[in-house]
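K.L.:
Fold the following.
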Amino acid sequence: MPDIDQIVTRRYRSATFSSVQSSLRQLGSGIVTIGVGMVLAMVGFDSSLPQQSWKASIGVAVVMLGFCTVSMIVCWIVSSRLIINQQTDLDVLHEVERLRAGGDKADVDSSVRRTVERLTGLPYEECWK
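P.N.:
Down below sits the predicted model:
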């Protein structure tokens, strides 16, 4: 993401992206923790008991296995639909280096142009102003 932002704004703001990512991860972790607590409360889980009821044991198993399964499916779907991959990121990095070295935007390779336009959502001429 910082590389794509850099080709649009000419600014390298990786620390900003890292802090936003960290904040969202912590927010998501808090929301999931609250959700897990609510589900366990609904199935009768009580941490003060030496042994849980059958319903609570099944609830714990469903939370653990269900969360992992749903997370893997969501991650697989999202990652399969991403435009950016190792090759497109490398194309963007090379283009940023070329432009920084004084390269002319008119000399861009057509495949790199298409990649930049797909990733930024802007015409290539609007990038790197």
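K.L.:
what's in contact with the helix or strand of the chain with the lowest mean pLDDT?
P.N.:
Ranking every helix and strand in the chain by mean pLDDT, DSSP states H and E puts helix 2-9 at the bottom, with a mean of 83. For helix 2-9, the external contacting residues (Cβ atoms under 8 Å, 6 or more residues apart in numbering) are 11-14, 16-17, 84, 89, 92-93, 95-96, 99, 116, 119-120, 122, 126-128. Every residue, glycine included, has its C-beta placed from N, CA and C.
K.L.:
same check, this time on stretch 60-71
P.N.:
If you take Cβ under 8 Å, 6+ apart as the criterion, stretch 60-71 is touched by 32, 36, 39-40, 43, 45, 52.
K.L.:
For the residues you listed, work out which two are farthest apart.
P.N.:
Farthest-apart pair in the contacts of stretch 60-71 is Val32 and Gln52; separation 21.0 Å (Cβ to Cβ).
K.L.:
Who has more neighbours out of those two?
P.N.:
Gln52 (17 against 12; other Cβ atoms under 10 Å).
K.L.:
residues touching the more buried one, list them.
P.N.:
44-46, 60.
K.L.:
Just the residues you listed: which are in helices?
P.N.:
Of the contacts of Gln52, the ones assigned to helices by DSSP state H are Val60.
K.L.:
ok, Thr88 to Glu126 distance?
P.N.:
18 Å (Cβ to Cβ, to the nearest Å).
K.L.:
quick one on the thing from earlier: could you point out which of the contacts of stretch 60-71 is nearest to Ser23?
P.N.:
Proximity of those to Ser23 (Cβ to Cβ) peaks at Val32, which lies at 14.9 Å.
K.L.:
And the helix or strand the closest one falls within, what does it pack against?
P.N.:
According to DSSP states H and E, Val32 maps onto helix 14-42. Contact analysis of helix 14-42 by 3 or more Cβ pairs under 8 Å, 6 or more residues apart in numbering; DSSP states H and E lists helix 2-9, helix 54-81 as its packing neighbours.
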